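Participant: could you look at this predicted model? Sequence included:
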Amino acid sequence: MIKMFQKISTSIIVMSSLIFLSGCDIIDDDDDNTNNDVGTAKVQVIHASPDAPAVNVWADGNSLLENFDYAEASPRLEVNEGELTVEIQGIFPDGTTPTVIGPATLDLTADMLYTAIAVGEVAEIDALIVAREDSDINAGELRAQVVHAAPNAPMVDVYVTEPGADLTTTAALGTFSFEGSLGPVDVPEDTYQIRVTLAGDPETVVFDSGSLELTSGLDLTIAAIENTLTGESPINLLVTTNSSSFIVQDVDATADLRVVHASPDAPAVDVLVNDETTLVSNLDYAEATGFVGVPADTYNVKVVPTGEVAPVVIDADLTLDQGTNYTVLAVDLLETIEPLVITEDRRSVATEAKVQIIHASPAAGNVDIYVTAPGAGIADVDPTFSDVPFKGTTEGFVSLPVDSYDITVTLAGTKDAAIGPAELSFEAGGVYTIIARDAQRLTAEDSGLPPSVILLDFPL
């Protein structure tokens, strides 16, 4: 496991050295400093390994950077040229943070901009260093360099044009494959459209930014990274400046949602969107749909008995954002039924399993949740999650070492199991959702039946 992190740690060395210098004022502005001839360089780090975990960065025993994660970029900081020493720790799901490299030394040359990118999937992770001169940009212009950092994307052509330009009659900025780079190029400020096509095939567009207004003075590094969000494009663009970064998705990228029927006394239902489209048909209790991609927008959603238009048991407006995954649950008893909307980061991480638990059992009240080794029992351990209310969650996905576990749910403050222990196995890279639910209530007298679980994303 430690070896797996050694290459990614190499790519983060620049960042840790950079922050250390910034935080400790290594660039000395003291008037008594006689060494005024020391040159400086700029350094920026990008985490572009799509299935790798986050890292922590240390220097001289001081914590400098925590949870530096995928699709994040550091600011560019100015540091003195010369040698810098740092240490890197990998973040493991069992809470340990072993040193995976260090102390390590990087030699920086003055008047250069270094972009250090962790690229490739965990099994073949690598450090890509892109260096170029750091020079002034002419008035009215901006500068851009494009880097191919998406390991599963093929060789492509990149076009940077005025919006709507015909690519069949337009010259590409260039052609490159994984770990290649184009530029830098200086262009006038304007509104541009960035499109990526299969190499030699301008009619097969695999990414389209739509119109982007770019202002003068910008110095951009644009990394094409693996798309771990939504939509059919294999890539997103991570656009970095001197001080910030942002993601540009394909103009047609969606919001993705799935629907879960978790109202124990409600019949099978249809879900209607804007009174025009049936998004879901005949969804029965404890069933869930797969993820469906829809354009980002605000939608009116109505839930009705299957095949009917009334009664409308849920009537809600949902705002769905591009790039976001949503699980929408119909929860509570029929007379008080309502939607519960959960947003999710569904990126797979090769070194762990990601698990979230949702409390959707109206009969249970507040609960404690235990995640323990199989057969270990809960008598002598504290809850993993305490006093979770109805409609509460584990507050996102929890990282677990790959293994089998007993999941036990009790009434809050007691050791009396309402659910479980249920032994579940979690695989490396898996992203799982567990929903605590009531037993189906076919009559009012069924209210005392024990709850159970809905398992989403587990192998069949």
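Facilitator: It's in. Residues are numbered from 1 along each chain as shown.

Participant: can you pull the contacts of the nearest residue to Leu218 once chain neighbours are set aside?
Facilitator: For Leu218, ignoring the flanking residues on the chain, the nearest one in space by CB to CB, 6 or more residues apart in numbering is Leu142 at 4.1 Å. For every residue, glycine as well, the C-beta is placed using N, CA and C. By CB atoms under 8 Å, 6 or more residues apart in numbering, the contact list for Leu142 reads 186-189, 214-220.

Participant: would you mark the buried spots in the longest strand seen in the chain?
Facilitator: Longest strand of the chain, by residue count under DSSP state E: strand 201-214. Neighbour-count burial for strand 201-214 flags 202, 205-209, 214 (criterion: 16 or more other CB atoms under 10 Å).

Participant: stretch 314-329 now?
Facilitator: Of the residues in stretch 314-329, those with enough neighbours to count as buried (16+ other CB under 10 Å) are 314, 318, 320, 322-329.

Participant: for stretch 303-311, same thing?
Facilitator: Using 16+ other CB under 10 Å as the burial criterion, the residues of stretch 303-311 that qualify are 303-305.

Participant: any weak-confidence spans in the protein?
Facilitator: Across the chain, the stretches falling below the confidence threshold (pLDDT under 70) are 1-36, 57-62, 64, 84-88, 99-105, 442-450, 460.

Participant: one more pass at 50, please.
Facilitator: In the prediction, the chain carries residues with pLDDT under 50 at positions 1-34.

Participant: let me see the domain layout of it.
Facilitator: The record's domain parsing of the chain by automatic domain parsing lists 1-134, 136-252, 254-344, 345-460.

Participant: could I get the contacts of Leu142 in a markdown table, plus columns for distance to Ile117?
Facilitator: Shown next, in a markdown table, are the contacts of Leu142 (distance: CB to CB, whole Å):
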| residue | distance to Ile117 |
| --- | --- |
| Asp186 | 22 |
| Val187 | 23 |
| Pro188 | 28 |
| Glu189 | 26 |
| Leu214 | 22 |
| Thr215 | 25 |
| Ser216 | 26 |
| Gly217 | 24 |
| Leu218 | 19 |
| Asp219 | 17 |
| Leu220 | 14 |
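
Participant: how about those residues in CSV, adding distance to Ala350 and secondary structure?
Facilitator: Converted to CSV, the contacts of Leu142 look like this (distance: CB to CB, whole Å; DSSP: H, G, I helix; E, B strand; the rest coil):
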residue, distance to Ala350, secondary structure
Asp186, 39, strand
Val187, 38, strand
Pro188, 43, strand
Glu189, 41, coil
Leu214, 35, strand
Thr215, 39, coil
Ser216, 41, coil
Gly217, 39, coil
Leu218, 34, coil
Asp219, 33, strand
Leu220, 30, strand
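
Participant: now Tyr370: how far from Ile435?
Facilitator: Note on Tyr370: its distance to Ile435, by CB to CB, to the nearest Å, is 17 Å.

Participant: and if you look at Thr197?
Facilitator: To Ile435, Thr197 is 42 Å away according to CB to CB.

Participant: settle it for me: which of the two has more neighbours?
Facilitator: Relative neighbour count places Ile435 above the other of Thr197 and Ile435, with 25 against 20, counting by other CB atoms under 10 Å.

Participant: three-state assignment of that one?
Facilitator: Classification of Ile435 by DSSP: H, G, I helix; E, B strand; the rest coil places it in strand.

Participant: for the residue lying closest to it once chain neighbours are set aside, grab the count of nearby residues.
Facilitator: Taking CB to CB, 6+ apart as the measure, Ile435 lies nearest to Ile454, with 4.0 Å between them; neighbours along the chain are not counted. One way to gauge burial is a neighbour count; for Ile454, by other CB under 10 Å, it gives 19.

Participant: contacts for whichever strand or helix holds Leu237?
Facilitator: With elements delineated by DSSP states H and E, Leu237 resides in strand 235-240, which encompasses its position. Outside of strand 235-240, the residues that reach it under the criterion CB under 8 Å, 6+ apart are 44, 46, 48, 71, 73, 115, 149-150, 153, 194, 196, 206-207, 209, 220-227, 229, 245-250.

Participant: got the buried residues for that strand?
Facilitator: Buried residues in strand 235-240, counted by 16+ other CB under 10 Å: 235-240.
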